[in-house]
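Participant: model this:
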Amino acid sequence: MLRVARGFTLIELMITVAIIGILASVALPAYQDYTIRAKMSEVILAMSSCRTSITELYQSGGSPPGADNWGCEAVTSKFVASLATDDDGKATATVRNISASVNNLVVTMTPLVTAGVPADSAANMGQSLYGWLCGSTGTTIDKKYLPSSCRGI
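Facilitator: Numbers count the residues shown, from 1 in each chain. As a prediction, the model looks like this:
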């Protein structure tokens, strides 16, 4: 009597498990970086209220309000421990509750008067801002964890 083999051999099953293991070892770190980036985008969103109020103050003119007096420093969220501003309106957020690789580190947003030139509250009050540079000088978080729009480029 001839017997027809059915199913997979042990070698075939071992090869399949090995392939799945290799794919998982590559995909898991990439997924972890992705989840950190997604949470960091919420930090950037929390900082956007600061960006709005600082832009309005620059455009309206008057005297510079000084460090931590731009009207947006009270913003905190699940992922933002604190938000601070300097004399020129550079906003700095301290991160929390995301991952050990980014917790207690900071991300910054700097107002610009022209491409690559930071605003100076003493000289540029009453002018429109060119834009904002996210992930600029002072950012201590590795750029791979920042959203692509916030890598200081």
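
Participant: so how far is residue 141 from residue 148?
Facilitator: Computed as CB to CB, to the nearest Å, the residue 148 to residue 141 distance reads 14 Å. In this view, the C-beta of every residue, glycine as well, is placed from N, C-alpha and C.

Participant: Measure how buried residue 103 is and give me the count.
Facilitator: By other CB atoms under 10 Å, the residues close to residue 103 number 14.

Participant: show me the contacts for it.
Facilitator: If a contact means CB atoms under 8 Å, 6 or more residues apart in numbering, then residue 103 has 95, 96, 97 as its contacts.

Participant: wait, isn't the first one in contact with residue 40?
Facilitator: Yes. Proximity of residue 95 to residue 40 meets the contact threshold set by CB atoms under 8 Å, at 7.3 Å.

Participant: can you list residues touching both of the two?
Facilitator: With CB under 8 Å, 6+ apart, residue 95 and residue 40 have common neighbours 79, 102, 107, 141.

Participant: Please consider this matter closed, and thank you.
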